[in-house]
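> The following block contains a protein sequence and its predicted model.
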Amino acid sequence: MKQLIIHAGIQRTGTTTLQSYLATHADALRRQGLHYAVASRTSNHQELGWALRRGEVDAAAFAAWIARESRPDCNRTLLSAEVFCTLRNLSFLDEARKEHDVVAVFYLRRQDEWLSSWYNVNVKLGPFRDLARMGPEEFLGQRGRFHWLRYAGMLDTWAAAIGADNLRVRVVEPAQVSDVVADFLAIIGASSLPPARARSNVSLAADQIAFLRALNPSRPARRKISRALAAILSDAPVTVFSPETRRAILADYASDNAAAARRHLRRADGRLFLNDTVPDDAPWYRGDVWSDPERLRRYVDAAIAALDGEAAAAAPPVRRKTPQVRIKTG
């Protein structure tokens, strides 16, 4: 029987680096019987995942897509999209499971760190326009939208659909998984591949995020300004939540994390994260960019330069008239 391996996220656990790596080494993976089915213009399956979330792809269509994308020389097909972890209705797998053993791989991150990172990426790249405009506390009020952070419930849903033994659950922290690419290659049994390069899609410093949120540019301009800001070193921390807030976040998810550890990692002590404390002196951002005129000037200059470059690239070429020179005679 063939195998379908779904890397289902979650977001902000090195997914961009992993997907880029898999796409870059697709030929080497194929020689090992594993087909990473991506179009040439993308390195992941986010579009497929979003179509599933919107209900545009049913079980028959999903199975047909898998059959169409499969290769005769590979008995394992691999999909990767963070949006898979957000799906609550997994009936789209029903038909595919008749021809494939389905395995789902999850990487989990401490919720306080994830929320800080997800806030950062939303302001930096603007995937959700409303979230990109929010301050940190207002953003925290939207936590109900991120239902997959209730890890036990998310994993229970997948276990009910494909069987608990077909889940591969990993925890991203230094004492457990520090190299997601190497860990994932071990899970899928891929060998003799080079190590991954430095991770992609890193966070901006929190003072840069505060500046970008106040500026609130369009999404295309936001990406250009983000790249310009990333080139400027900042000593501001990345975390936007105080130690007290972070501890409150962890307390809210504590019972769910314990259930996930017991049921899906078989840990009798219920410890999902080996480091689950937040020290009193943990650094966090308090809005210092506004009291530092020199730093603010550098950020403004970078934004103007980025937008000037965008305007110059979009402007039509200027047609200059050749001056007519008349020479009087006589």
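Looks like it arrived, so ask away. Residues are numbered from 1 along each chain as shown.

> now the helices: where do they sit in this protein?
Assigned by DSSP state H, the helices in the chain fall at 15-24, 26-30, 46-53, 59-69, 111-125, 129-132, 136-140, 151-162, 180-188, 206-215, 219-230, 243-264, 293-314.

> Export these to TSV and append columns for mean neighbour count, mean pLDDT and distance to Ile6.
All C-beta atoms are positioned from the backbone trio N, CA, C, and that covers glycine. Output for those, formatted as TSV (neighbours: other Cβ atoms under 10 Å; pLDDT from 0 to 100; distance: least, Cβ to Cβ, whole Å):
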stretch	mean neighbour count	mean pLDDT	distance to Ile6
helix 15-24	21	95	13
helix 26-30	15	96	15
helix 46-53	18	96	10
helix 59-69	16	96	11
helix 111-125	23	96	20
helix 129-132	15	92	26
helix 136-140	16	96	29
helix 151-162	19	98	9
helix 180-188	18	98	11
helix 206-215	22	92	32
helix 219-230	18	93	28
helix 243-264	18	98	16
helix 293-314	13	81	37
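
> Val103: which of those is closest?
Nearest to Val103, of all the helices of the chain, is helix 151-162, at 7.6 Å by Cβ to Cβ.

> what's the top strand by length along the chain packed up against?
Taking DSSP state E as the criterion, the chain has its longest strand at strand 100-108. Applying 3 or more Cβ pairs under 8 Å, 6 or more residues apart in numbering; DSSP states H and E, one finds that strand 100-108 contacts strand 2-7, helix 151-162, strand 167-171, helix 180-188.

> okay, the ones you listed in a markdown table with distance to Asp269 next?
As requested, the helices and strands packed on strand 100-108 are exported to a markdown table (distance: least, Cβ to Cβ, whole Å):
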| stretch | distance to Asp269 |
| --- | --- |
| strand 2-7 | 28 |
| helix 151-162 | 15 |
| strand 167-171 | 14 |
| helix 180-188 | 22 |
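
> Between those, which one is closest to Val278.
strand 167-171 (17.0 Å).

> Adjacent strands (with direction) for that closest one?
Applying DSSP bridges, strand 167-171 is found paired with strand 100-108 (parallel).

> Show which residues not belonging to the strand it pairs with make contact with it.
1-10, 13-15, 66, 77, 84-85, 93, 96, 151, 154-155, 158, 162, 166-172, 177, 180, 184, 187, 260, 272 (Cβ atoms under 8 Å, 6 or more residues apart in numbering).

> and it, what's its mean pLDDT?
Mean pLDDT, strand 100-108: 98.

> so how far is it off the chain centroid?
The chain centroid and the centroid of strand 100-108 are separated by 17 Å under Cα atoms, centre = their mean, to the nearest Å.

> quick check: angle from that strand to helix 151-162?
Relative orientation of strand 100-108 and helix 151-162, computed by axes from the mean of the first three to the mean of the last three Cα atoms, to 10 degrees: 170 degrees.

> So for strand 100-108, what gets flagged as buried?
By 16 or more other Cβ atoms under 10 Å, the buried positions in strand 100-108 come out as 100, 102-108.

> Please apply the same query to stretch 264-275.
In stretch 264-275, counting by 16+ other Cβ under 10 Å, buried: 264-265, 272-273.

> what about it, start to end distance?
Taking Cα to Cα, to the nearest Å, the first and last residues of stretch 264-275 lie 18 Å apart.

> now stretch 53-73
31 Å.

> returning to that earlier point: out of the buried residues of strand 100-108, which is nearest to Ala251?
Of these, the one sitting nearest to Ala251 (Cβ to Cβ) turns out to be Leu108, at 17.4 Å.

> So what sits opposite the closest one in the bridge?
Beta-bridge partners of Leu108, counted by DSSP bridges, are Val171.

> rewinding a little: and the helices of the chain: which comes nearest Asp280?
Across these, Asp280 has its closest neighbour in helix 243-264 (5.7 Å, Cβ to Cβ).

> which residues touch that closest one?
Counting by Cβ under 8 Å, 6+ apart, 108, 110-112, 115, 140, 149-153, 155-156, 159, 164, 167, 169, 239, 241, 267-273, 276, 278-282, 284 sit against helix 243-264.

> rerun that using 6 Å as the cut-off
111-112, 150-152, 155, 169, 267, 270-272, 278, 280, 282 (Cβ atoms under 6 Å, 6 or more residues apart in numbering).
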